[in-house]
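In: build me a structure from this.
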Amino acid sequence: MRKGQGVLAAKLYYRQVKKNLTCPRKIKKKLLSRLKFDLNSYVEEQPDIKLDEIIDRFGCPTELGHAYISSLETPQIIKQMKKSQKIGRIALVFCSIAILLLIAAIVKMICNNANILYRIAKI
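Out: The predicted structure is shown next:
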């Protein structure tokens, strides 16, 4: 079966929604699964549908992400923000440790080279 214009438009729309949807992975997976089912059903009914018509039917991809966030209650939003901050802090700590280890390795290498040069010059 040849991919029609509707299938390509649906895939493009799906990718845009996926990119703009910011929510926990578990919820995102459920929402995207449902969207994919709805898009496939809609494209089966109208195989030559255009992207503009999909947007008219389902809404703007960026608006779907914003609609999800606005549907959350304040405690849920705060919980998600704290989780994001926590992940950011953990990443920062690991990067800092990696940089310190790299600096320590470079300093040790320089000291070893200096000792070797000193021994050679002494001979």
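In: give me the most central residue, the chain.
Out: The centre of the chain sits closest to residue 19, judged by CA atoms, centre = their mean, with a distance of 7.3 Å.
In: next SSE after the helix or strand harbouring that residue?
Out: Using DSSP states H and E, residue 19 sits in helix 5-20. Counting by DSSP H and E, the next helix or strand C-terminal to helix 5-20 is helix 25-45.
In: next, the buried residues of that next one.
Out: Of all the residues in helix 25-45, those buried under the rule 16 or more other CB atoms under 10 Å are 28, 31, 35, 39, 42-43. C-beta here means a position set from N, CA and C on the backbone, and glycine is covered the same way.
In: how far is that helix from where the chain is centred?
Out: Centroid separation for helix 25-45 versus its chain: 18 Å, with CA atoms, centre = their mean, to the nearest Å.
In: and the contacts of that helix?
Out: 4, 6-7, 9-10, 13-14, 17-18, 21, 23, 49, 54, 57-58, 68 (CB atoms under 8 Å, 6 or more residues apart in numbering).
In: quick one: it to helix 5-20, angle?
Out: Taking axes from the mean of the first three to the mean of the last three CA atoms, to 10 degrees, one finds helix 25-45 and helix 5-20 inclined to each other by 160 degrees.
In: could you pull up the mean pLDDT of helix 25-45?
Out: Averaged over helix 25-45, pLDDT sits at 88.
In: now do stretch 82-94
Out: Throughout stretch 82-94, pLDDT has a mean value of 88.
In: domains of the protein?
Out: With domains defined by automatic domain parsing, the chain comprises 1-71, 73-123.
In: give me the neighbour count for residue 97.
Out: If you count neighbours by other CB atoms under 10 Å, residue 97 ends up with 10.
In: swap that for residue 6, sorry
Out: Neighbour tally, residue 6, other CB under 10 Å: 22.
In: quick one: pLDDT of it?
Out: Note on residue 6: pLDDT of 87.
In: could you do the one 10 residues further on as well?
Out: We note a pLDDT of 92 for residue 16 in this prediction.
In: with residue 123 instead?
Out: Residue 123 is assigned a pLDDT of 66 by the prediction.
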